[in-house]
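[1] Fold the following, please.
(one chain, ligands or ions: 2)
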Amino acid sequence: MELGWLLWGAAVLLLLHVLMGLSPAVNFALRIGFYSFLCLLASALTAPVCLLVNGGRTVKNMRIIRAVVRTFKYFFGLRFEVKGLENFKVEGPAIIVSNHQSILDMMGLMEILPDNCVQVAKKELMYAGTVGLIIYLGGVIFINRKSTTDAKMVMAEVAKSMTADNVKVWVYPEGTRNCTGDLLPFKKGAFHIAVQAQVPVIPVVYSSFTSFYNPKTKLFTSGKIKVEVLPPIETKGLTSDDVSDLTDRCFHTMRETLFRLSGRPSESKKSS
Ligand SMILES: CCCCCC/C=C\CCCCCCCCCC(=O)SCCNC(=O)CCNC(=O)[C@H](O)C(C)(C)COP(=O)(O)OP(=O)(O)OC[C@H]1O[C@@H](n2cnc3c(N)ncnc32)[C@H](O)[C@@H]1OP(=O)(O)O
Ligand SMILES: CCCCCCCC/C=C\CCCCCCCC(=O)OC[C@@H](O)COP(=O)(O)O
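    Ligands and ions are numbered 1, 2, ... in the order given. You can find the predicted model right below:
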């Protein structure tokens, strides 16, 4: 009986090995499929734990989710090299902004996520099966990207409640995934919240995934990701008139950092 299971296991491993050797496209699909499966399975197992420990939707569940997701990197041979974690040690709430390259970002997010921090997510993720459930239980703020008015209303509520609840809010200001090795122009929602709540903005940059992950060329191998938490940018005394400047400042600082971490010459050096 045990030998039978062993043979089955060996056969499955052999099949996976052959399939992965077949073509990069199959390898890519298998690895992304496995990542999605892992997310769905881990969410299904973690949700009851969150409910038992914390009783419902609360940011405290993020500690449990973080501990689980931190194990995922070992399945994919990913390593994180983190600098600047001390920049998270600001008193009270803050807005954290970072670049967003892929669904794999959930591993990078959980690698450094500070306590009492929730993310802003598109509302469609609520319906992603058990992943939607775990995200809901973690206290994630859902926005409707199809309605600027709705999204702005939710963001305004966040600005009011984050100080009262003493939470940090993590926003992907590009507003969508972008795996080109550069940044998309930033949307201003995160910076409006920061100014409305008069809390600092903490930029976080992950080096480009393109050397080990590229959906266009179906590349997905092991790799190292450099992460840098940059010094907080204060917003005390700023008004809505300053939001565009604040957005530009963050964008340029993060773009320079992205190029440096990814070993790509910066635009200013290229033109000089
Ligand atoms: C246990 C195992 C688990 C395993 C799996 C799970 C793993 C982890 C789980 C936990 C973590 C989950 C994390 C999930 C992350 C998901 C990430 C995403 O979903 S990213 C997509 C959603 N996020 C965003 O879109 C945020 C960025 N977008 C914005 O900030 C936008 O500005 C907006 C959405 C608020 C509005 O966008 P849009 O409709 O496109 O309008 P704009 O052009 O941006 O703005 C129009 C004008 O309005 C002004 N504006 C914007 N916001 C405000 C505001 N809050 N107050 C006042 N005014 C605002 C803006 O300045 C524009 O005016 P202008 O005159 O042109 O400047
Ligand atoms: C019963 C329903 C079953 C639904 C099955 C859903 C299958 C998908 C399950 C797991 C995939 C892993 C998801 C991890 C969370 C990823 C969060 C994320 O990165 O979302 C992308 C979003 O930021 C931006 O979206 P777009 O780039 O604009 O698009």
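
[2] hang on, isn't Met162 packed against Gln196?
    No: Met162 is not in contact with Gln196 according to C-beta atoms under 8 Å; the separation is 9.7 Å. Every residue, glycine included, has its C-beta placed from N, CA and C.

[3] who's more crowded, the two?
    Neighbour tally, Met162 and Gln196, criterion other C-beta atoms under 10 Å: the higher count belongs to Met162, 24 against 20.

[4] Which residue is the nearest non-sequential neighbour of the more buried one?
    Counting by C-beta to C-beta, 6 or more residues apart in numbering, Met162 lies nearest to Pro93, which is 4.5 Å off, once chain neighbours are set aside.

[5] Am I right that the one you found falls within a strand?
    No: counting by DSSP: H, G, I helix; E, B strand; the rest coil, Pro93 is not part of a strand but coil.

[6] Next one: it relative to Glu228, how far apart?
    Between Pro93 and Glu228 the distance is 21 Å, computed by C-beta to C-beta, to the nearest Å.

[7] These two - which one has more neighbours?
    Set Pro93 next to Glu228 and count neighbours by other C-beta under 10 Å: Pro93 wins out with 24 against 21.

[8] Break down the stretch 51-200 of the chain into its strands, ranges please.
    78-83, 95-98, 117-122, 141-143, 168-171 (DSSP state E, counting those that start in this stretch).

[9] same for the second one, what does it pack against?
    Of the remaining helices and strands, those touching strand 95-98 by 3 or more C-beta pairs under 8 Å, 6 or more residues apart in numbering; DSSP states H and E are strand 168-171, helix 189-197, strand 201-206.

[10] Can you lay out these as a markdown table showing mean pLDDT?
    Supplementary listing: those in a markdown table, determined by pLDDT from 0 to 100:
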| stretch | mean pLDDT |
| --- | --- |
| strand 168-171 | 98 |
| helix 189-197 | 97 |
| strand 201-206 | 98 |
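
[11] Without its sequence neighbours, what residue ends up closest to Val59?
    Taking C-beta to C-beta, 6+ apart as the measure, Val59 lies nearest to Gly139, with 4.3 Å between them; neighbours along the chain are not counted.

[12] For that neighbour, give me its contacts.
    Residues in contact with Gly139, defined by C-beta atoms under 8 Å, 6 or more residues apart in numbering, are 57-59, 61-62, 118, 167.
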